[in-house]
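A.B. asks: got a structure for you, letters missing:
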């Protein structure tokens, strides 16, 4: 569609966004995972829906990028939002 080789497209993407296509996709997946978790989705369902391939892969990448596991992320979110055991709407 772009009439560019994969390497040319990657180079132009990097120049325009200051990140590689793979890192950009990973960032978008993490953001989508955070939103799904905030709305009550399980880690397994979130991993499948966001393209991580497995819950374990999502846990590893999520922990690396967010700085905490998905379960700790949810616990901190609930504490921040009142510790009533319910996720925010």
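C.D. replies: It's in. Predicted, not measured: the structure shown is a model, and the values here were computed from it. Numbers count the residues shown, from 1 in each chain.
A.B. asks: how near is residue 60 to residue 1?
C.D. replies: Separation of residue 60 from residue 1 (Cβ to Cβ, to the nearest Å) stands at 33 Å. The way it works is simple: take the backbone N, C-alpha and C, and place the C-beta from them, glycine included.
A.B. asks: doesn't residue 43 make contact with residue 71?
C.D. replies: Yes. Contact criterion Cβ atoms under 8 Å: residue 71 and residue 43 qualify, at 7.3 Å.
A.B. asks: those two: which is more packed in?
C.D. replies: residue 43 (20 against 12; other Cβ atoms under 10 Å).
A.B. asks: the more buried one reaches residue 72, doesn't it?
C.D. replies: No. If you go by Cβ under 8 Å, residue 43 and residue 72 don't touch, sitting 11.6 Å apart.
A.B. asks: need the residues touching each of the two.
C.D. replies: The overlap between the contact sets of residue 43 and residue 72 (Cβ atoms under 8 Å, 6 or more residues apart in numbering) is empty.
A.B. asks: ok so, going back, who has more neighbours, residue 60 and residue 1?
C.D. replies: Neighbour count, other Cβ under 10 Å: between residue 60 and residue 1, residue 60 has more, with 13 against 4.
A.B. asks: does the more buried one count as helix, strand or coil?
C.D. replies: helix (DSSP: H, G, I helix; E, B strand; the rest coil).
A.B. asks: likewise for the one 4 residues further on?
C.D. replies: In three-state terms, and counting by three-state DSSP, residue 64 is helix.
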